[in-house]
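Peer 1: Provide a 3D model corresponding to the input given below.
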Amino acid sequence: MTPFLAVDELKKHYPKAGRERPVLDGISFYAEKGEFLAFRGPSGSGKTTLLRLISGIEQASSGFIRIGSSFLHALDDNQRAQFRQRHIGFAFQLFDLLDDLTVAENVALPLILAGQGRKSALKEAEGMLERFAILNLARAMPETLSGGEMQRVSLGRALIHKPDLLLADEPTGSLDTFDAEQALNLLAETREGTGLTILLVTHSARAAAYADRVLTLKEGRLVYNKAGALYA
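Peer 2: Have a look, this model is predicted:
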């Protein structure tokens with residue numbers, strides 16, 4: 001069976017002082033549809049760069065990424081942007097909510113940008129907020145929310161367009177233990193109900209424990225054990 005996501009010999013170099021500095025150096029792994037993978041490793045090991053390449057925001061120096069039947073290197077900039085809009089959701093540590101939009105408007109934004117009517121998009125956003133138990137915040141402004149509430153709104157926005165793949169970069173990094181657990185439970189529940197594939201970058205062992213597999217990066221490479229298997 002062909003995996004949903006395949007990453008093969010992925011490399012990324014950045015120029016520095018006239019030389020090429022490797023950030024990722026031959027990364028290969030796969031993820032099945034509906035699988036939850038966590039990536040751990042020290043700062044600078046390439047975790048965030050890996051997510052940026054898988055999203056198509058940046059292009060690899062070599063190697064390939066296939067998501068479903070689409071090879072990202074074969075798409076131009078516009079096609080990659082359209083692919084992200086349709087198939088990928090993003091969750092970040094700092095939430096990135098727009099201060100001048102209400103909670104419902106923030107969640108509805110991906111649908112509106114994709115061309116859906118405002119009224120219909122807001123109705124779907126309210127349905128997502130109800131699912132996340134924060135419908136009472138629909139007309140609130142982001143500045144009035146707690147950290148846990150902002151993360152729920154951010155997750156709602158990431159999932160409103162029903163993506164196939166969620167890329168989560170330290171989404172619980174700025175939350176206390178209780179709110180972090182709530183956010184992780186929401187991710188796990190969403191995955192069970194939709195078949196969403198999740199790639200999570202985290203320093204937290206507790207967050208990584210929610211994943212089916214944990215892959216460790218060090219100096220731009222995946223770490224293997226003595227038996228030749230990826231560390232879990």
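Peer 1: the residue sitting nearest the centre point of the chain is in what secondary structure piece?
Peer 2: For the chain, the residue nearest the mean C-alpha position is residue 167 (1.1 Å; C-alpha atoms, centre = their mean). Secondary-structure element containing residue 167, defined by DSSP states H and E: strand 165-169.
Peer 1: compute the inter-axis angle for the helix or strand following that strand and strand 165-169.
Peer 2: Counting by DSSP H and E, the next helix or strand C-terminal to strand 165-169 is helix 177-194. In this structure, helix 177-194 runs at an angle of 170 degrees to strand 165-169, with axes from the mean of the first three to the mean of the last three C-alpha atoms, to 10 degrees as the basis.
Peer 1: and the closest residue to residue 180 other than its chain neighbours, how far is that from residue 185?
Peer 2: Spatial nearest neighbour of residue 180, excluding adjacent residues (C-beta to C-beta, 6 or more residues apart in numbering): residue 172 at 3.8 Å. C-beta: built from backbone N, CA, C; applies to glycine. Using C-beta to C-beta, to the nearest Å, residue 172 is found at 11 Å from residue 185.
Peer 1: one more: residue 49?
Peer 2: Shown here: residue 49 relative to residue 185, a distance of 28 Å by C-beta to C-beta.
Peer 1: okay, those two: which has more neighbours?
Peer 2: Between residue 49 and residue 185, residue 49 has the larger neighbour count (other C-beta atoms under 10 Å), namely 20 against 11.
Peer 1: wait, the more buried one sits on residue 10?
Peer 2: No. Taking C-beta atoms under 8 Å as the definition, residue 49 is not a contact partner of residue 10, at 9.7 Å.
Peer 1: shared neighbours, these two?
Peer 2: A shared contact of residue 49 and residue 10, defined by C-beta atoms under 8 Å, 6 or more residues apart in numbering, is any residue touching both; here these are residue 24.
Peer 1: output the contacting helices and strands for the strand holding residue 167.
Peer 2: With contacts defined as 3 or more C-beta pairs under 8 Å, 6 or more residues apart in numbering; DSSP states H and E, strand 165-169 has these neighbours: helix 47-55, strand 88-92, strand 197-201.
Peer 1: and the angle for the longest one with strand 88-92?
Peer 2: With the same axes, to 10 degrees applied, the angle from helix 47-55 to strand 88-92 works out at 160 degrees.
Peer 1: starting from the very next helix or strand once past helix 47-55, tell me which strands it pairs with and how they run.
Peer 2: Counting by DSSP H and E, the next helix or strand C-terminal to helix 47-55 is strand 62-67. The pairing partners recorded for strand 62-67 under DSSP bridges are strand 5-16 (antiparallel), strand 70-71 (antiparallel).
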